[in-house]
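[1] sequence and computational prediction follow.
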Amino acid sequence: MEQALGGLLHSHCASQRDVGSARIIAVSTGDPPRWRLSSAVFGVFLLMPALHAQLERHLPIYDAQDKIVYAKVRVADGSPLPGIPGVEALCGGVAYPLGYTDTQGNFRVVVRNGASAFGASFNSNGATMSLSALANCEFRALAPGYSSQRVSPRWLREMSEANTVSLGSILLSRPADAHGELAHDAHVPKAARNAYKKGGSAMADRKWGDAKAQFEQAVGAHPGYVAAWVALGLADEALEQWKDAESAYQHAIKLSPNSAGPYLRIARLRATAGEWQPAALYSETAIGLDPQNLVEGYSLCAMANLKLGHLETARSSARAGLKLKNASDCPDLWLTLALAEAAGKRYADAAAGLQMYLKLVPRAEGNPEVQKELAELRGRLPR
């Protein structure tokens with residue numbers, strides 16, 4: 001095939017480079033990095049983009065006046081929030097990172113007159129669209145290992161004149177066997193907690209530098225503060241300080257080695273940098289700690305092993321992820337599986353994977369190319 005399916009492989013999972021648990025969200029601006037695959041290993045697929053290329057895009061918003069869209073993220077069973085969740089809009093199956101809540105789950109985004117309100121990390125292309133277009137989207141919160149309710153405010157079209165629009169509550173479901181990052185933070189001094197809360201407020205307001213300073217105060221006052229170390233990593237990601245972000249997550253791992261979230265975040269960082277061996281290692285570790293809930297871990301593991309040429313591992317990881325109840329959160333699992341199947345000349349299975357991907361992500365930018373590749377795969381099938 002002359003066309004590369006890789007150009008279509010956007011990450012549709014919980015985005016914060018974890019918006020949060022950031023899928024959560026810090027993303028680079030500029031053109032997404034690309035790299036060439038070995039045709040000897042991957043056959044017909046010659047070119048693939050970065051795993052999180054879709055995070056290079058922003059959610060474009062425009063309307064005649066400034067508006068505030070807000071929501072409340074809660075854990076369904078009333079337990080504390082797992083750190084600082086991110087919020088995404090799902091439009092036609094494509095996930096667009098919007099930002100973070102504060103430590104209490106309060107989220108808001110300001111839609112400015114004539115331009116979107118996100119920082120550079122959320123606006124690499126500078127396009128805009130109307131608020132009413134959000135009525136065609138769903139909204140979800142992001143936290144590793146947690147499942148999010150999807151809110152579909154179709155009535156947004158009818159509130160185009162309102163200055164303040166509520167999405168209501170977005171509920172996170174907490175697995176019974178979840179290893180929460182806050183489990184180690186029961187006896188945090190007041191000074192550290194106050195700094196953490198201030199940092200969360202700064203994150204919600206997209207004041208990344210202020211957030212980082214507050215989180216540094218929190219871990220300075222209490223070096224064992226796991227949630228603050230994770231939040232510091234999120235702030236570093238938003239500032240595109242990748243090494244500092246990984247260092248913060250490594251501190252969290254030392255303090256809470258059975259929490260899957262920090263491993264997943266490092267896996268994302270390494271995958272985005274094209275460092276596939278460590279991406280595979282950290283994603284596999286995350287899966288081992290939370291095999292029933294961490295669908296994005298399987299997605300990262302499958303992609304990393306595909307890049308490394310470990311086709312059987314890539315296939316098995318993708319298929320395992322697709323068996324999870326929240327597999328629909330990562331439609332790119334189907335695209336990764338299709339790439340692995342095609343590389344192994346299993347063209348019928350590859351075509352089936354592409355069909356599912358197109359069904360789940362009908363508005364992905366690269367879908368015309370996917371459809372072309374699907375037609376070519378079908379042409380390779382026995383008559």
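    Looks like it came in fine. Numbers count the residues shown, from 1 in each chain.
[2] tell me which residues in the helix or strand harbouring E376 are buried?
    For E376, the enclosing helix or strand under DSSP states H and E is helix 367-380. For helix 367-380, the neighbour count (16 or more other CB atoms under 10 Å) marks N367, E369, V370, E373, L374, E376, L377 as buried. C-beta: built from backbone N, CA, C; applies to glycine.
[3] can you put those residues in TSV and add distance to A327?
    TSV is the format used below for those (distance: CB to CB, whole Å):
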residue	distance to A327
N367	20
E369	24
V370	19
E373	22
L374	21
E376	26
L377	22
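[4] ok, those vs L264, which is closest?
    Closest approach between the buried residues of helix 367-380 and L264, by CB to CB: V370, at 26.6 Å.
[5] okay but that closest one is in contact with L358, surely?
    Yes. With contacts counted by CB atoms under 8 Å, V370 reaches L358, the gap being 5.9 Å.
[6] where does the stretch 51-200 of the chain have low pLDDT?
    51-67, 111-135, 153-162, 175-186 (pLDDT under 70).
[7] all strands of it, in order?
    Ranges of strands within the stretch 51-200 of the chain are 67-75, 86-91, 94-100, 106-112, 115-116, 137-142, 147-148, 164-173, based on DSSP state E, counting those that start in this stretch.
[8] so which elements touch the longest one?
    Yep, that's strand 164-173 we're talking about. strand 67-75, strand 137-142, strand 147-148 (3 or more CB pairs under 8 Å, 6 or more residues apart in numbering; DSSP states H and E).
[9] highest mean neighbour count out of these?
    strand 137-142 (a mean of 26; mean count of other CB atoms under 10 Å).
[10] and the angle from that strand to strand 86-91?
    Put simply, strand 137-142 runs at 150 degrees to strand 86-91, going by axes from the mean of the first three to the mean of the last three CA atoms, to 10 degrees.
[11] residue boundaries of the helices in the chain?
    Using DSSP state H, the helices found in the chain span residues 39-42, 190-204, 208-221, 226-238, 242-255, 260-272, 276-289, 295-308, 311-322, 332-343, 347-360, 367-380.
[12] of all those helices, which one comes closest to G86?
    Judging these by CB to CB, what sits closest to G86 is helix 226-238, at 8.3 Å.
[13] what's the angle from that closest one to helix 208-221?
    Helix 226-238 and helix 208-221 are oriented at 150 degrees to each other (the same axes, to 10 degrees).
[14] check which helices and strands helix 226-238 is in contact with.
    Using 3+ CB pairs under 8 Å, 6+ apart, the elements in contact with helix 226-238 are helix 190-204, helix 208-221, helix 242-255, helix 260-272.
[15] tell me the angle of that helix relative to helix 242-255?
    With the same axes, to 10 degrees defining the directions, helix 226-238 sits at 160 degrees from helix 242-255.
[16] make JSON lines from the buried residues of helix 367-380 and add pLDDT to it.
    What follows is these, written out as JSON lines (pLDDT from 0 to 100):
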{"residue": "N367", "pLDDT": "81"}
{"residue": "E369", "pLDDT": "83"}
{"residue": "V370", "pLDDT": "83"}
{"residue": "E373", "pLDDT": "83"}
{"residue": "L374", "pLDDT": "85"}
{"residue": "E376", "pLDDT": "84"}
{"residue": "L377", "pLDDT": "82"}
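[17] which of the residues you listed sits closest to A351?
    Relative to A351, and with distances defined as CB to CB, the nearest of these is L377, at 4.4 Å.
[18] my guess is the closest one meets A350, correct?
    Yes. L377 is within contact range of A350, at 5.4 Å (criterion: CB under 8 Å).
[19] so what sits against both of these two?
    A342 (CB atoms under 8 Å, 6 or more residues apart in numbering).
[20] hang on, the earlier thing: tell me the angle of the helix holding E376 relative to helix 347-360?
    150 degrees.
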